[in-house]
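Student: Here's a sequence, model it:
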Amino acid sequence: MGIEDYFEQAAAKQADLAERIYCDGKTIFIRIGVTSILKSVPVNQVKTPEGLLRWTYELARHSWMDSDRLRRFIEVAGEAGGVKFQE
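Tutor: Down below sits the predicted model:
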């Protein structure tokens, strides 16, 4: 496998995660199957670092939430809720 293949696979994985964990402005949706939504998180519950941490902890407890999905949730929730990770 060449470097181009690696980047192609990484881009495909990111696109898949973007389709599975997304925000409509009011709610963050987490979809694991093709059509089923397992969790929906109101954006107003992740507008503080504490709220985001609370939801991250809750989601991390589930066997279906792997590190890539959790990272995607943190990115989406942080952006939607206005929580900044770095200055």
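Student: Buried residues, the strand or helix carrying residue 13. List them.
Tutor: Residue 13 is part of helix 3-20, with elements assigned from DSSP states H and E. For helix 3-20, the neighbour count (16 or more other C-beta atoms under 10 Å) marks 17, 20 as buried. From N, CA and C alone the C-beta is placed, and that goes for glycine too.
Student: Quick check: mean pLDDT of the helix or strand following it?
Tutor: Using DSSP H and E, the next helix or strand after helix 3-20 towards the C-terminus is strand 21-23. When pLDDT is averaged over strand 21-23, the result is 95.
Student: And stretch 4-13, by the same measure?
Tutor: Computed over stretch 4-13, the average pLDDT equals 85.
Student: how about the helices of the chain, start to end?
Tutor: 3-20, 49-60, 67-81 (DSSP state H).
Student: Is it possible to get TSV of the ones you listed that adds distance to residue 31?
Tutor: Converted to TSV, the helices of the chain look like this (distance: least, C-beta to C-beta, whole Å):
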stretch	distance to residue 31
helix 3-20	5
helix 49-60	13
helix 67-81	10
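Student: Nearest to residue 43 among these would be which one?
Tutor: helix 67-81 (4.7 Å; C-beta to C-beta).
Student: What helices and strands are in contact with that closest one?
Tutor: helix 3-20, strand 21-23, strand 27-31, helix 49-60 (3 or more C-beta pairs under 8 Å, 6 or more residues apart in numbering; DSSP states H and E).
Student: And residue 32, how close does it get to residue 69?
Tutor: According to C-beta to C-beta, to the nearest Å, residue 32 and residue 69 sit 8 Å apart.
Student: Repeat that for residue 10.
Tutor: Taking C-beta to C-beta, one finds residue 10 at 15 Å from residue 69.
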